[in-house]
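# Dropping a prediction and its sequence here:
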Amino acid sequence: MLRRGILPKGTLAVRYPNPAVESVVVLGAGSWGTALSLLIAKKGCKVFLRARSEEAAARLDAARENRDYLPGFHLPENVEPCYALPRAADLWLVAVPSDAVREVAPLLPDECRVLMTAKGLERSTGLTMTQVLLEERPSVHVAVMSGPNLGLEIVRGVPTATVVASEEERMAEYAAGALRCESLRVYTSADVMGVQMGGALKNVLAVGAGISDGLGFGDNTKASMLARGLHEMAVLGTALGGRVETFMGLSGVGDLFATAASPLSRNYRFGRLLGEGRTTEEALKAVGQVVEGVPTAEAAVGLAEKHGIEAPLLTVIHQIVQGRLAPREAVSLLMSRAPRSEGLCGESSR
């Protein structure tokens, strides 16, 4: 039994060394890529922050601030905005939108270490981000990062946790070590599929949470929707090879809770605008940044159909986004479905 204020022996002897990580390339200079660059730079690494054009890199370098996507945070000297890439680096982070992963994959050197931080599914294929990456660059060593990690809170140093998954244990530990610091606790996992499906599908469910709030419903409605959405996430994710316990962790329920409850979440803000009566085009324009839940909804519904899984929440959210179903009509359809046993993850979601 612990005495008050006393942690187990050894708990305070934590160190956060970089495991031979001296240089990092971050592909993607949006809010998320910039936040990760600032996080890693605090550990003394040289960070190359790759922008989409020479002009964008020059603006970042001149301002020493990402005024478009993460204003108010100074870029330290060891963060170098760039368009032309260095010949080599210890670790490469992919922090572009999901629909740009295939485009930037050829920029990665053969056999390099890559940490995938994009969350989504490729719209046309339903592939996860690491599957897309490995199709283009099969020789790389890849890990994936996911969890309740809102970029603005990361850069503010708010205590949080995340998970890094890889089929190569040493790669997972290497990438995790590059991220660990006083404000970010990093766990590791071998469940690459589960971690990615949680990170991708929560974006769709966060859109649904925003729709619920935009319609003026209460916490009962949103909690019910998210609980059943978590069930659909786990059923589809395990059908693809993920582990059910992963969806109960940081990249599943943890990320879902943060994304579906926070006004910092683009997916939540987008969904709320839909619930308030905006069209998809109007809501996307108002958010002003990529909303990953939009392409992922289409891919997720396609995967569910392919594997014979009924996913009513994912389906109606996709139909609302496509303009084929009004939000209140969607609620009526869901509430009037035939009653059945709640079931456990892995059982039929019908």
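Nice, thanks for sending it over. Numbering: from 1, shown residues only.

# which regions of the chain lie under the pLDDT threshold?
For the chain, the stretches with pLDDT under 70 are 1-19, 344-350.

# contacting residues around the residue nearest to Pro263 when sequence neighbours are not counted?
Spatially, and ignoring its direct neighbours in sequence, Pro263 is nearest to Arg269 (6.4 Å; CB to CB, 6 or more residues apart in numbering). C-beta: built from backbone N, CA, C; applies to glycine. Going by CB atoms under 8 Å, 6 or more residues apart in numbering, Arg269 touches 210, 263, 286-287.

# of those, buried ones?
When the contacts of Arg269 are checked for burial by 16 or more other CB atoms under 10 Å, the buried set is 210, 287.

# of all the contacts of Arg269, which comes closest to Val195?
Each of those was scored against Val195 by CB to CB, and Gly210 proved nearest at 23.6 Å.

# which SS state does that closest one fall under?
At Gly210 the chain is in helix, as set by DSSP: H, G, I helix; E, B strand; the rest coil.

# Once you drop chain neighbours, what's closest to it?
Nearest non-adjacent residue to Gly210 (CB to CB, 6+ apart): Gly271, at 2.5 Å.

# Let me know whether the one you found touches Ala209 as I believe.
Yes - assessed by CB atoms under 8 Å, Gly271 is found in contact with Ala209 at 6.3 Å.

# ok, those two, which is more surrounded?
Taking neighbours as other CB atoms under 10 Å, Gly271 and Ala209 compare with Gly271 leading, 32 against 29.

# Now the more buried one: which helix or strand?
helix 266-275 (DSSP states H and E).

# What's the first helix or strand after that helix?
From helix 266-275, the next helix or strand downstream (DSSP H and E) is helix 280-287.

# roughly how far apart are Trp92 and Glu136?
Per CB to CB, to the nearest Å, Trp92 is found 13 Å from Glu136.

# what do you get for Arg52?
From Arg52 to Glu136 the distance is 18 Å (CB to CB).

# Kindly report the same for Leu314.
27 Å.

# So the two - more neighbours on which side?
Neighbour tally, Leu314 and Glu136, criterion other CB under 10 Å: the higher count belongs to Leu314, 26 against 15.

# What does Ser224 show for phi and psi?
Note on Ser224: its backbone torsions stand at phi -60, psi -40 [degrees, to the nearest 10].

# same question but for Leu75, I mixed them up
According to degrees, to the nearest 10, Leu75 has phi -90, psi 120.

# so it sits right up against Ala57, yeah?
No - with contact defined as CB under 8 Å, Leu75 does not reach Ala57; the gap is 11.4 Å.

# Of all pairs in the contacts of Arg269, which one is the farthest apart?
Pro263 and Ala286 (13.0 Å).

# Quick check: nearest residue in space to the residue positioned nearest the centre of the chain, chain neighbours excluded?
Taking CA atoms, centre = their mean as the criterion, Lys119 is the residue nearest the geometric centre of the chain, at 3.7 Å. Distances taken as CB to CB, 6+ apart put Gly199 closest to Lys119, at 3.9 Å, once the chain neighbours are dropped.
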